[in-house]
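[1] With the input below, show me the fold.
(2 chains)
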Amino acid sequence: MDNMTIIAVASIVIAGITTGFGTMAPALGEGRSVAAALSSLAQQPDASATITRTLFVGLAMIESTAIYCFVVSMILIFANPFWNHVIAQATGK
Amino acid sequence: MRLSPDEIIFLQHGFLKLNATIVFTWGLMLVLAMGAKLITRKLSIGLKRSRWQNLLEIVVTGIEKQIEEVGLSQPQKYLGFLGTLFLFVAAASLCTVIPGYEPPTGSLSTTAALALCVFVAVPFFGIEEQGVGNYLKSYVKPTFIMLPFNIISEVSRTLALAVRLFGNMMSGVMIIGILLTITPFIFPIIMTALGLLTGMVQAYIFSILAAVYIAAATRVRKPTPEPEAKH
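    Okay, here's the model as predicted:
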């Protein structure tokens, strides 16, 4: 395989693995936090405003880790610096 | 496939580029500013008021209430900054229903600029509230060892604010773009509706996080009274 093929294959495969594995842990974490929030809502319905707000902020924090993975895989697919470098070298020759 | 609206270029004159991000940002700013100006031209204090004035009052009092609930006791002082952040991000994502429009918050430059505003505003409000000395002292609390970590957290949360908003907005546009090639009918509409929801949630989260950071910086340390035991 030449360099271009290796880079293309590696980028595509790693992009999939990044999003796939990177969303697992945040999904588990979000599930746990929503479950905890629901049970505390059931126990204390009066505190619903505070619980909901804290839940949203926390969910955003957890979700941002998944978003980072997504951004990395999008960069790997659509704005890959190594790919651009190889293309520039190939056209420069 | 485009990663951000930065890559749509309308005009180019040497080094200067006029890309879609700048155009849509200024368009949104014009719409928001002119709209607010037009609505507040003739305000009434009686019971009879225009529909638009009602809308604005709902928005303003809603934001004020949210800011107060975060722990900032004088919401009027922070309403200008936090309200603007919320309204801009919310309008940027709500306008995605207009065809041909790309949310300017889908570009890392815009979100980085917004996050930098928060980065500057937090020490500003903190110093204004408790003075330079007390604010700087908050960096070495609880012990001096925490100083580097406090500084790192300042920077990293700014980065997180920027990348979170960018990632969410960009993913919305990207998913719709990919779905259009797979299932061009009906289904992209559902994803657009979902995108509107996540856009509002992200706007809420961005401004609430900014409010939380400001609240943490402006909190004057007082000995808290012992909470009463509840039965």
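[2] Please list the residues of chain A that sit near chain B.
    A:49-50, A:53, A:56-57, A:60-61, A:63-64, A:67-68, A:70-71, A:74-75, A:78-79 (CB under 8 Å from any CB of the partner chain). Backbone N, C-alpha and C define where each C-beta goes, glycine included.
[3] Any of the residues you listed buried? List them.
    A:53, A:57, A:60-61, A:63-64, A:67-68, A:70-71, A:74 (16 or more other CB atoms under 10 Å in any protein chain shown).
[4] Which of the residues you listed fall within helices?
    Among these, the ones falling in helices (DSSP state H) are A:53, A:57, A:60-61, A:63-64, A:67-68, A:70-71, A:74.
[5] Looking at the residue in chain A positioned nearest to chain B now. What's its pLDDT?
    Going by CB to the nearest CB, chain B is nearest to A:Ile67 of chain A, at 3.5 Å. You'll see A:Ile67 listed with a pLDDT of 85.
[6] Could you find the closest non-adjacent residue to it?
    B:Gly167 (3.5 Å; CB to CB, 6 or more residues apart in numbering or on different chains).
[7] Following element in sequence after the strand or helix carrying that neighbour, please.
    Element membership of B:Gly167 [criterion: DSSP states H and E] is helix B:147-182. Later in the chain than helix B:147-182, the nearest helix or strand by DSSP H and E is helix B:187-218.
[8] Close to chain A: what parts of chain B are there?
    B:1-3, B:66, B:69-70, B:160, B:163-164, B:166-168, B:170-171, B:174, B:201-202, B:204-205, B:208-209, B:212.
[9] how close does B:Glu7 sit to A:Leu55?
    Remark: distance between B:Glu7 and A:Leu55 (CB to CB, to the nearest Å) = 36 Å.
[10] and what of B:Glu57?
    B:Glu57 is 28 Å from A:Leu55, by CB to CB.
[11] B:Phe119: neighbour count?
    By the criterion of other CB atoms under 10 Å in any protein chain shown, B:Phe119 has 20 neighbours.
[12] Please, which helix or strand holds it?
    helix B:108-137.
[13] Counting neighbours, which bits of that helix end up buried?
    For helix B:108-137, by 16+ other CB under 10 Å, it's B:108-112, B:114-115, B:117-119, B:121-122, B:125-127, B:129-130, B:135.
[14] Quick one: list the elements packing against it.
    helix B:20-39, helix B:75-94, helix B:147-182, helix B:187-218 (3 or more CB pairs under 8 Å, 6 or more residues apart in numbering or on different chains; DSSP states H and E).
[15] what angle do the third one and helix B:108-137 make?
    Compare the direction of helix B:147-182 with that of helix B:108-137 by axes from the mean of the first three to the mean of the last three CA atoms, to 10 degrees and you get 160 degrees.
[16] for helix B:147-182, packing partners?
    Against helix B:147-182 (3+ CB pairs under 8 Å, 6+ apart) you get helix A:48-78, helix B:75-94, helix B:108-137, helix B:187-218.
[17] Could I get the average pLDDT for the third one?
    Mean per-residue pLDDT for helix B:108-137: 91.
[18] For A:Thr65, which non-adjacent residue is closest in space?
    A:Pro26 (5.1 Å).
[19] Would you check that the one you found makes contact with A:Tyr68?
    No - between A:Pro26 and A:Tyr68 there is no contact, the gap being 9.7 Å when judged by CB atoms under 8 Å.
[20] Show the buried residues in the residues of chain B next to chain A.
    Buried by 16+ other CB under 10 Å: B:2-3, B:66, B:70, B:160, B:163-164, B:166-168, B:170-171, B:174, B:201-202, B:204-205, B:208-209, B:212, out of these.
[21] so what pLDDT did B:Met1 get?
    61.
[22] Repeat that for the one 3 residues further on.
    B:Ser4 carries a pLDDT score of 78 in this model.
[23] measure it to A:Thr91 for me?
    24 Å.
[24] And for A:Leu55?
    From A:Leu55 to A:Thr91 the distance is 51 Å (CB to CB).
[25] The two: which is more packed in?
    Shown here are A:Leu55 and A:Thr91; by other CB under 10 Å, A:Leu55 has more neighbours (18 against 7).
[26] looking at it, that one is touching A:Ala37, isn't it?
    Yes - counting by CB under 8 Å, A:Leu55 touches A:Ala37, with 4.4 Å between them.
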